[in-house]
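Colleague: here is a sequence together with a model predicted from it:
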There are 2 protein chains.
Amino acid sequence: MCGKTCAQSIYSTLAANIKILYDNNIIPGLGVILVGSRPDSQTYVNMKSKMCEKYNITSKVIKLSEEVDEATLLNEVDLLNNNNDIHGILIQLPLPSHIDEDKVLNRVDRIKDVDGFHIENVGRLSVNKNPEYYPCTPHGCIELLKYYNYDIQGKHAVVVGRSRIVGLPLAHLLLHNNATVSICHSKTIDLHSITRTADLLFVACGQAKYITSEMVKDDAIVIDIGINPVDDSTKKNGYRLVGDVDYDMLVNKVKAITPVPGGVGPMTIAMLLQHTVSAAQRQLIAI
Amino acid sequence: MCGKTCAQSIYSTLAANIKILYDNNIIPGLGVILVGSRPDSQTYVNMKSKMCEKYNITSKVIKLSEEVDEATLLNEVDLLNNNNDIHGILIQLPLPSHIDEDKVLNRVDRIKDVDGFHIENVGRLSVNKNPEYYPCTPHGCIELLKYYNYDIQGKHAVVVGRSRIVGLPLAHLLLHNNATVSICHSKTIDLHSITRTADLLFVACGQAKYITSEMVKDDAIVIDIGINPVDDSTKKNGYRLVGDVDYDMLVNKVKAITPVPGGVGPMTIAMLLQHTVSAAQRQLIAI
């Protein structure tokens, strides 16, 4: 499964919708708050901004120092909440440890919460009651399966990892799509015995090439959500990115698998842009 | 496992805490809203009120007709929210179909939400971020296991049923207690193959004696959350209550099992009273 191909198809639809917005004098806008100078966070924000630019979505990146105090950060969220040119707001995680992450996420106006991390959207997703937006990475995984016409209903979906950003919301989305869902994590004993029964296996455990051939059945569909840098002296920056799944070992065994990079990553960004355009479309409807 | 025995132990602790509240002139109070005249809802409310009375918790039951309009119902919630003698509020479900159930549940003051159904408490439970209260039935299941010293961490917990009242919040609680969690439901294919791998099996599917011997492994611990009336001409009211598990078939096979009645039911009520007392204790701390 190629995330780039699927994302491209989403962007085609988006481009048409963005044109309609422009025709109505609405320029979709994404506000991003980036705190500190983590290289990975900077890379992610740059990738998102670049893609926004490509599709004529304004992206306003607020960069704050690692030492920023909570009140200042909350004030920046308020400014974005009250800015009519900003339709979607993204708080790049993680935030420094002296900041109450929940307080910041819950300060985002719920209808601008394109990442789906506001606690009310989390609750709504949990009980399948129309959250404003789904978290981008889990949503991207579901859209990728749908694009390739892989059924979810009635399948045994195994999710390895239970983070609030990926594993948990993904489990909810799968459940609401009528999969039987198993959630595994660091405290799971005999992980193999569960992953081997997966029709759909989603891996977000943050460990390079953790899932190997003997942990997966032959006709499984494997979605690799990990992004891990591993040393590689042949690369100019000294590393390359690999997933949580041993792709080379599995690619000729399973029914389908996503590569890293080029799998879930592009889908996450496509979903972020899609959510931002949806948010802007509300303004269109409100005209 | 006997729910009555465990509940009794909880009431002993509660009674001491209630005495302290009385010594400080605080009478714990539970407000209950009952809409319509469903016999099962009336029975549940009566059982809860009776137990409150036994332990010196005031229970104020607001009975509204099946035809009540939403505004009137919301106003009754507001009155309970603003009533300083009421520490916990329970909306007996289900509500009639012309009422927006979510709107009513979310109107309950979050700190009086002793049933844990307010969407923010649902979200907080989902991501393990200190909900004010856990839903009573799932909480009762966890307390019952702890009372009997059965480990949850690392066990494979299978939940049959995905309701917002039982199955979903139970899955979250098990996950946060470090179980590996599988959620099965009406769309699950080959349920047997999953239930047979359960160390801990929780059944809340609403079908009398649905789980039979061959669906469970020998050393499983089985928690039966179902309550189904079945015809029984030897009873004076013409029926008796059975669970979702065939107790007689399983009792000599599995490691432990809860009966119906006398298993999870008494635990649900004990948790409701415990949450109400906790809510009243906040007033004590605030003095």
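Modeller: Cool, got the structure.
Colleague: other SSEs contacting the helix or strand harbouring residue A:282?
Modeller: For residue A:282, the host element (DSSP states H and E) is helix A:264-286. Here helix A:264-286 touches helix A:3-23, strand A:29-35, helix A:39-54, strand A:88-91, helix A:136-147, going by 3 or more Cβ pairs under 8 Å, 6 or more residues apart in numbering or on different chains; DSSP states H and E. For the C-beta atoms, the positions are set from N, CA and C on the backbone; glycine is no exception.
Colleague: the nearest residue to residue A:176 once chain neighbours are set aside and residue A:184, how far apart?
Modeller: Ranked by Cβ to Cβ, 6 or more residues apart in numbering or on different chains and with sequence neighbours excluded, the top spatial neighbour of residue A:176 is residue A:128, at 4.6 Å. According to Cβ to Cβ, to the nearest Å, residue A:128 and residue A:184 sit 22 Å apart.
Colleague: compare neighbour counts for these two and give me the winner.
Modeller: More neighbours surround residue A:184 than the other of residue A:128 and residue A:184, with 25 against 15 (other Cβ atoms under 10 Å in any protein chain shown).
Colleague: nearest residue to the more buried one other than its sequence neighbours?
Modeller: Residue A:184 sits nearest to residue A:160 (Cβ to Cβ, 6+ apart), 4.8 Å away.
Colleague: hang on, the earlier thing: wait, the residue nearest to residue A:176 touches residue A:174, no?
Modeller: No: the pair residue A:128 / residue A:174 is not scored as a contact, 11.6 Å apart, by Cβ atoms under 8 Å.
Colleague: out of the helices and strands packed on helix A:264-286, which is closest to residue B:26?
Modeller: Evaluated with Cβ to Cβ, the helices and strands packed on helix A:264-286 place strand A:88-91 nearest to residue B:26, the distance being 40.7 Å.
Colleague: quick one: contacts of the closest one?
Modeller: Strand A:88-91 is contacted by residues A:28-33, A:48, A:77, A:80-81, A:104-105, A:108-109, A:112-115, A:117, A:272, A:275-276, A:279-280 when judged by Cβ atoms under 8 Å, 6 or more residues apart in numbering or on different chains.
Colleague: can you tell me the element the residue in chain A positioned nearest to chain B falls in?
Modeller: Closest approach between chain A and chain B, counting by Cβ to the nearest Cβ: residue A:123, at 3.1 Å. Using DSSP H and E, residue A:123 sits within helix A:119-126.
Colleague: where does residue A:129 land on pLDDT?
Modeller: Predicted confidence (pLDDT) for residue A:129: 95.
Colleague: likewise for residue A:244?
Modeller: 98.
Colleague: the closest residue to it other than its chain neighbours: how many residues sit nearby?
Modeller: Once flanking residues are discounted, residue A:244 sits nearest to residue A:226: 3.0 Å by Cβ to Cβ, 6+ apart. By other Cβ under 10 Å, 24 other residues sit near residue A:226.
Colleague: am I right that residue A:226 is in a helix?
Modeller: No: counting by DSSP: H, G, I helix; E, B strand; the rest coil, residue A:226 is not found in a helix; it is coil.
Colleague: so the nearest residue to residue A:177 once chain neighbours are set aside: helix, strand or coil?
Modeller: Leaving out its chain neighbours, the residue that sits closest to residue A:177 by Cβ to Cβ, 6+ apart is residue A:152, at 4.2 Å. Of the three states, residue A:152 takes coil according to three-state DSSP.
Colleague: contacting residues for residue A:152?
Modeller: Here residue A:152 is in contact with A:142, A:145-146, A:174, A:177-179, A:200 (Cβ under 8 Å, 6+ apart).
Colleague: if we can go back for a sec, so the residue nearest to residue A:184 touches residue A:205, yeah?
Modeller: Yes: in this structure, residue A:160 is within contact of residue A:205 by Cβ under 8 Å, at 5.0 Å.
Colleague: find the residues that touch each one of the two.
Modeller: Both residue A:160 and residue A:205 are contacted by A:185, A:244, under the criterion Cβ under 8 Å, 6+ apart.
Colleague: and these two? which has more neighbours close in?
Modeller: It is residue A:160, of residue A:160 and residue A:205, that has more neighbours when counted by other Cβ under 10 Å, with 28 against 22.
Colleague: ok, now which ones touch the more buried one?
Modeller: Residues in contact with residue A:160, defined by Cβ under 8 Å, 6+ apart, are A:167, A:184-185, A:191, A:195, A:201-205, A:210-211, A:244.
Colleague: surely residue A:209 meets residue A:260?
Modeller: No: the criterion here is Cβ under 8 Å, and residue A:209 misses it with residue A:260 at 9.9 Å.
Colleague: who has more neighbours, those two?
Modeller: Neighbour totals were compared for residue A:209 and residue A:260, and residue A:260 leads with 23 against 19 (other Cβ under 10 Å).
Colleague: would you double-check that that one falls in a strand?
Modeller: No: using three-state DSSP, the secondary structure at residue A:260 is coil, not a strand.
Colleague: nearest spatial neighbour of it, skipping sequence neighbours?
Modeller: residue A:243 (3.3 Å).
Colleague: quote the end-to-end distance of stretch A:76-92.
Modeller: One end of stretch A:76-92 sits 13 Å from the other (Cα to Cα, to the nearest Å).
Colleague: buried sites along that stretch?
Modeller: Using 16 or more other Cβ atoms under 10 Å in any protein chain shown as the test for burial, stretch A:76-92 gives A:76-77, A:80-81, A:86-92.
Colleague: so which strand or helix has residue A:206?
Modeller: Residue A:206 belongs to no helix or strand when assigned by DSSP H and E.
Colleague: just the pLDDT at the residue lying closest to it once chain neighbours are set aside, thanks.
Modeller: In this structure, residue A:206 finds its nearest non-sequential neighbour in residue A:226, 6.0 Å apart by Cβ to Cβ, 6+ apart. Per-residue confidence at residue A:226 stands at 97 (pLDDT).
Colleague: quick one: contacts for residue A:226?
Modeller: Residues in contact with residue A:226 (Cβ under 8 Å, 6+ apart) are A:203-208, A:210, A:242-245, A:260.
Colleague: which one is residue A:192 nearest to, not counting chain neighbours?
Modeller: Leaving aside its chain neighbours, residue A:192 sits nearest to residue A:215 (5.1 Å; criterion: Cβ to Cβ, 6+ apart).
Colleague: could you do residue A:225 as well?
Modeller: Leaving out its chain neighbours, the residue that sits closest to residue A:225 by Cβ to Cβ, 6+ apart is residue A:204, at 3.9 Å.
Colleague: on that earlier part again, between residue A:209 and residue A:260, what contacts are shared?
Modeller: With Cβ under 8 Å, 6+ apart, residue A:209 and residue A:260 have common neighbours A:242-243, A:245, A:247.
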